[in-house]
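> Make a model of this:
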Amino acid sequence: MDKPYPSSLDHHFQLPQVRQVATSRPLLWLRLGLQDMRDSPSASLSYGAILAAIGYMILAYAASMPYLFTAAISGFFLIGPLAAAGLYEISRRQDGGERVSFSRSLKGLARHGDSLLYFGVFLALVLIGWERISAILFALFYHDVVPDLGDFYRTVFFSGEYTHFVVSYLVVGGALAAVVYALSAIAIPMLMDREVDAITAAMTSARAVGVNLGAMALWAVITVAMVAIGFATMMIGLVLLLPLLGHATWHAYKDMVG
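Residues are numbered from 1 along each chain as shown. Just a heads-up that it's a prediction; the model follows:
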């Protein structure tokens, strides 16, 4: 049974109450997200097409530079929550009984522009930092000629010759991803829904992830799997999968934050 999770931080920082949910809850979020897509298919798929096209251009640009390509993939996950802000607005309005067009959803972005900008700057700084860290790790541990992208993962990650590089890359990247995931998992939907600042939203997101480790770990796996399917289909699959993830993330926020 879902239950509120009080904290002594509430009094000092006025954070919203966070509810504890079942580990299987992401399956419900996906069902609700799919319903939102069915209710506003043109607006949802418009965001999916735009984001998939942007992702394709970024990865195409980085394809000849393997270290930058891997950073670009990571960056896609980093900026995903912010890029889906319009989808959260669609779900928010539909929860209020409105029918939403693509153009009307953009008004929500303008209304919360300042908060989204601050959070976007944070994510941009993280992305720039990760790109630099990625380049440094390559310089420290990989001294051969960088292979073509087609041979990169087989040569570097699966040959067994660069264990120190692979371990360092995965540990550093994984730690950074975990921190950013905790701070941003539901922060953007909260900024779209409430008059709060970016710090409050990030702290609430971290608390929600901490209270619901099982559900949020499953949600992370689902998100990575769906984006991987999108990459495997040359971004075509993301036209459908990104709106589904965006709408479902809105319902994750509403489910966990009181």
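> switch to C-alpha atoms for all contacts and neighbour counts from now on
OK.
> Could I get the full set of helices for the stretch 1-150 of the chain?
Here the stretch 1-150 of the chain has its helices, by DSSP state H, counting those that start in this stretch, at 9-13, 25-39, 41-62, 66-83, 85-95, 102-111, 113-141, 149-152.
> Just the residues contacting the one helix or strand W250 maps to, thanks.
Secondary structure assigned from DSSP states H and E places W250 in helix 238-256. The contact list for helix 238-256 (C-alpha atoms under 8 Å, 6 or more residues apart in numbering) reads 18-21, 26, 29-34, 36-37, 44-45, 47-49, 51-52, 81, 84-85, 87-88, 90-92, 185-186, 189-190, 208, 223, 226-227, 229-231.
> Can you flag the buried ones in these?
18-21, 26, 29-30, 32-34, 36-37, 44-45, 47-49, 51-52, 81, 84-85, 87-88, 90-92, 185-186, 189-190, 208, 223, 226-227, 229-231 (16 or more other C-alpha atoms under 10 Å).
> Show me where the stretch 51-200 of the chain dips below the pLDDT cut-off.
66-67, 142-160 (pLDDT under 70).
> Restrict the helix holding W250 to CA atoms and write it as CSV.
Presented in CSV, the C-alpha positions along helix 238-256 are these (Å, rounded to 0.1, in the frame of the first residue of the first chain):
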residue,chain,number,x,y,z
LEU,A,238,12.1,7.1,-30.4
VAL,A,239,9.3,9.0,-32.2
LEU,A,240,6.9,6.7,-30.3
LEU,A,241,9.0,5.8,-27.3
LEU,A,242,10.1,9.2,-26.1
PRO,A,243,6.5,10.6,-25.8
LEU,A,244,5.5,7.4,-23.9
LEU,A,245,8.4,7.9,-21.5
GLY,A,246,7.6,11.6,-21.1
HIS,A,247,4.0,11.1,-20.3
ALA,A,248,4.8,8.2,-18.0
THR,A,249,7.3,10.4,-16.1
TRP,A,250,4.6,12.9,-15.4
HIS,A,251,2.5,10.1,-13.8
ALA,A,252,5.6,9.0,-11.8
TYR,A,253,5.8,12.5,-10.4
LYS,A,254,2.1,12.7,-9.6
ASP,A,255,2.2,9.2,-8.0
MET,A,256,5.2,9.9,-5.7
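> Return the angle between stretch directions for it and helix 66-83.
50 degrees (axes from the mean of the first three to the mean of the last three C-alpha atoms, to 10 degrees).
> centre of the chain versus helix 238-256, how much separation?
Distance of helix 238-256 from its chain centroid, counting by C-alpha atoms, centre = their mean, to the nearest Å, is 10 Å.
> Then stretch 25-39?
Stretch 25-39 sits 17 Å away from the centroid of its parent chain (C-alpha atoms, centre = their mean).
> what is the mean pLDDT for that stretch?
Mean pLDDT, computed over stretch 25-39, is 96.
> now stretch 224-239
Rounded mean pLDDT across stretch 224-239 is 90.
> Any idea how far apart the tips of it sit?
End-to-end distance for stretch 224-239: 15 Å, by C-alpha to C-alpha, to the nearest Å.
> ditto for stretch 78-87
Start-to-end span of stretch 78-87 (C-alpha to C-alpha) is 17 Å.
> Residue numbering should commence at 388 henceforth.
Okay, using 388 as the starting number, the last item reads as stretch 465-474.
> contact partners of that stretch?
Stretch 465-474 has contacts (C-alpha under 8 Å, 6+ apart) with 431, 434, 438, 492-493, 495-496, 503, 506-507, 510-511, 514, 564, 567-568, 571-573, 575-576, 579, 629-630, 633-634.
> what about it, distance to the chain center?
Worked out by C-alpha atoms, centre = their mean, stretch 465-474 lies 7 Å from the chain centre.
> ditto for stretch 563-575
On C-alpha atoms, centre = their mean, the centre of stretch 563-575 falls 8 Å from the chain's centre.
> I appreciate the help and will end here.
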